[in-house]
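# Following is a predicted model, sequence given first.
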Amino acid sequence: MASCFRRYVVLWSPAMGLSDTSLADIGASPPATTTYIVVVSDGYCPDTAQVTVTVNPLPTPIISGDTVICMNDGTLLKAEGG
């Protein structure tokens, strides 16, 4: 029985925020919302796809209640946005 094995070449761009640019299964941690393009080729027929990784803004902390806190006292912290 004959078997046919094709080697695929993978290339992601841009490289910023990617764990690797030449693997099919990668991790992405961009500093801002980024659209990545991946090109996969078997040497004959390249194919292209894209994915957008959305980075949301950090929440803004707001202190409600007392703004002066004495030792051993507490206050309520509230996060909004993002």
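In hand now; what should we look at? Numbers count the residues shown, from 1 in each chain.

# Could you list the low-confidence segments of the protein?
Within the chain, the stretches with pLDDT under 70 are 1-6, 63-66, 78-82.

# can you pull out the strands in it?
Under the criterion DSSP state E, strands of the chain are mapped to 9-13, 34-41, 47-53, 60-64, 76-80.

# Any chance of TSV for the ones you listed, columns distance to Ser22 and mean neighbour count?
The way it works is simple: take the backbone N, C-alpha and C, and place the C-beta from them, glycine included. Formatted as TSV, these follow (distance: least, Cβ to Cβ, whole Å; neighbours: other Cβ atoms under 10 Å):
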stretch	distance to Ser22	mean neighbour count
strand 9-13	6	14
strand 34-41	10	15
strand 47-53	15	10
strand 60-64	39	10
strand 76-80	39	10
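
# could those strands be laid out in CSV, adding distance to Cys70?
Output for the strands of the chain, formatted as CSV (distance: least, Cβ to Cβ, whole Å):
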stretch, distance to Cys70
strand 9-13, 54
strand 34-41, 46
strand 47-53, 45
strand 60-64, 15
strand 76-80, 15
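
# Looking at the ones you listed, spot the one closest to Asp20.
strand 9-13 (7.8 Å; Cβ to Cβ).

# got the angle between that closest one and strand 47-53?
40 degrees (axes from the mean of the first three to the mean of the last three Cα atoms, to 10 degrees).
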